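**Q** With the sequence up front, the predicted model follows.
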Amino acid sequence: MEQDGAPRPAAEAGRYLREDIREIPRSVTLAELERTDSSRDPRIRRKFPPVSSETIQERHEDEWVGLLPTRVGDGFKFEEARVVAHAHDKEEFEHQVQALLHQFPGLSITRRFVRAGGRRGDTQERA
């Protein structure tokens, strides 16, 4: 994520998932997000249902996750996202992401590491 136009340093990676995983770029409006999700390929929408950020934390502790945001709340915080890839091993995770990007070119996937106890371990990356 960027703050004031500059990339955030990796040292900020210790923020809590419930607060930080939900962030989206300020330039994305709620209406744009809803249009983007509703226009996604139906195969993606069927295969990867939206789940809450709390559910992502519970199901994917100590895993890399690839996310497609679907709903935001106050302050542009994720409330829901589609988990399109997940793995404990980063190499396996990247393999899953690349396979998905091969099948759906142009898909923008947010990559995160979910630490046990609600801590996030990596800055946001986008494919």
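**A** Okay, I see it. Treat the numbers as computed from the prediction; the structure is a model and nothing was measured.

**Q** From here on, just use CA atoms for contacts and neighbour counts.
**A** OK.

**Q** Which stretches in this structure count as helices?
**A** Remark: helices assigned in the chain by DSSP state H are 17-20, 30-38, 42-47, 53-59, 90-103.

**Q** correct me, but residue 115 touches residue 59?
**A** No - Residue 115 lies out of contact with residue 59 (Cα atoms under 8 Å); the separation is 11.2 Å.

**Q** okay, those two: which has more neighbours?
**A** Using other Cα atoms under 10 Å, the more surrounded residue of residue 115 and residue 59 is residue 115, with 19 against 11.

**Q** ok, the more buried one to residue 100 distance?
**A** 24 Å (Cα to Cα, to the nearest Å).

**Q** In this structure, where is pLDDT below threshold?
**A** Scanning the chain for pLDDT under 70 picks out 1-31, 33-34, 75-76, 118-127.

**Q** and with 50 instead?
**A** Low-confidence segments of the chain (pLDDT under 50): 1-22, 27, 120-127.

**Q** and the gap between residue 59 and residue 51?
**A** 10 Å.

**Q** same thing with residue 110?
**A** Distance from residue 110 to residue 51, counting by Cα to Cα: 15 Å.

**Q** can you check residue 109 too?
**A** The spacing between residue 109 and residue 51, counted by Cα to Cα, is 15 Å.

**Q** Pick out whichever of those two has more residues nearby.
**A** residue 109 (22 against 16).

**Q** Am I right that that one is in contact with residue 70?
**A** No - when contacts are counted by Cα under 8 Å, residue 109 is not listed as touching residue 70 (12.0 Å).

**Q** What's the local residue count around residue 117?
**A** Residue 117 - counted by other Cα under 10 Å - has 12 other residues nearby.

**Q** I meant residue 107, not that one.
**A** 16.

**Q** and what of residue 48?
**A** Neighbours of residue 48 (other Cα under 10 Å): 16.

**Q** What sits closest to it if chain neighbours are left out?
**A** residue 82 (5.5 Å; Cα to Cα, 6 or more residues apart in numbering).

**Q** same thing with residue 117?
**A** Distances taken as Cα to Cα, 6+ apart place residue 61 nearest to residue 117, at 7.8 Å, with adjacent residues excluded.
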